[in-house]
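# The following block contains a protein sequence and its predicted model.
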Amino acid sequence: MQQMQATPLPQLLQDQGLLRQWSQQHLLQVVQQSVSFNAEEAPVVVQRLWDGISKAPPDFSLEGQWLERVDVKLQPTLQQRWQQLQLQKWLELNYGEDVESHFLARRESLEKIVYGAIRVASVGLADEIYLRLIGNEDSFAALALQFSLGEERYTHGLVGPVTVDKLHPNIRQAIQSLAVGDVHPPLPLSRWYIILQLEHREPARLDEATRYQLLQELFDRDLNAQLDQTLDELLPRLLTTTAPAPEA
């Protein structure tokens, strides 16, 4: 209790991440409220707002407090979609020209793969399984089902599809050295020994989903930099404001 009393409230909020969370929510709100849609965009926006909703959208303008004029039961869903559409437009306006260069820099890590994994606790068993695989004595699926101690045994060893950047760094490095069908020697990882086989490799494509992911990455980079600067400037002022007055 004495420690809590001795720690200023702004510092507690900062330590628990709440000050950053509130600042981020405020910046997002500022960004979203800065976006509007013109008359040409409105029909597409309305269609996306009401996508999957059985009730037909009303015939009205999206100007002003339009959300208050719809069924109150629909308001939470429509508000969430509206904010997402506002953010998506803002991202396109501010980062759309940077997406292709960012994609080229990220293309290798955005590649999707399917791979086989067999996880065992004994290096001796791992070596035996590896030799049986490269000698074509047994299939990867059969050995995974029989020996693997990880969840991949329920899928006969198959993992994915998953983007390369989501893999453990050691697995990523091992997988990138394989051609389709190749088996990697047992890889020590924590308390396990993992045998890997590359099943499928799908090059990254700049489709709509990937484009939005990259836009979000560019935004998050700048947003975090802005939050760091804001909190570096804000916290000392808050601490000064809440500091106890010196005793007379």
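Nice, I can see it. Numbering: from 1, shown residues only.

# burial count for residue 105?
By other Cβ atoms under 10 Å, 10 other residues sit near residue 105. To be clear about C-beta, it is placed using only N, CA and C from the backbone, and glycine gets the same treatment.

# can you tell me the helix or strand for it?
In the assignment (DSSP states H and E), residue 105 maps to helix 99-106.

# how distant is that helix from the center of its chain?
Distance, stretch centre to chain centre, for helix 99-106: 17 Å (Cα atoms, centre = their mean, to the nearest Å).

# export it as CSV, just CAs?
Taking Å, rounded to 0.1, in the frame of the first residue of the first chain, the C-alpha atoms of helix 99-106 are listed here in CSV:
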residue,chain,number,x,y,z
VAL,A,99,2.6,-0.1,-50.5
GLU,A,100,4.4,-1.6,-53.5
SER,A,101,7.9,-0.7,-52.3
HIS,A,102,7.0,-2.1,-48.8
PHE,A,103,5.7,-5.3,-50.5
LEU,A,104,8.9,-5.8,-52.3
ALA,A,105,10.8,-5.4,-49.0
ARG,A,106,8.5,-7.8,-47.3
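
# mean confidence score for that helix?
For helix 99-106, mean pLDDT is 94.

# helix or strand right after it?
Toward the C-terminus from helix 99-106 - assigned by DSSP H and E - lies strand 112-120.

# residues contacting the nearest residue in space to residue 35 that is not next to it in sequence?
Leaving out its chain neighbours, the residue that sits closest to residue 35 by Cβ to Cβ, 6 or more residues apart in numbering is residue 86, at 4.1 Å. Contact analysis of residue 86 by Cβ atoms under 8 Å, 6 or more residues apart in numbering lists 31-33, 35.
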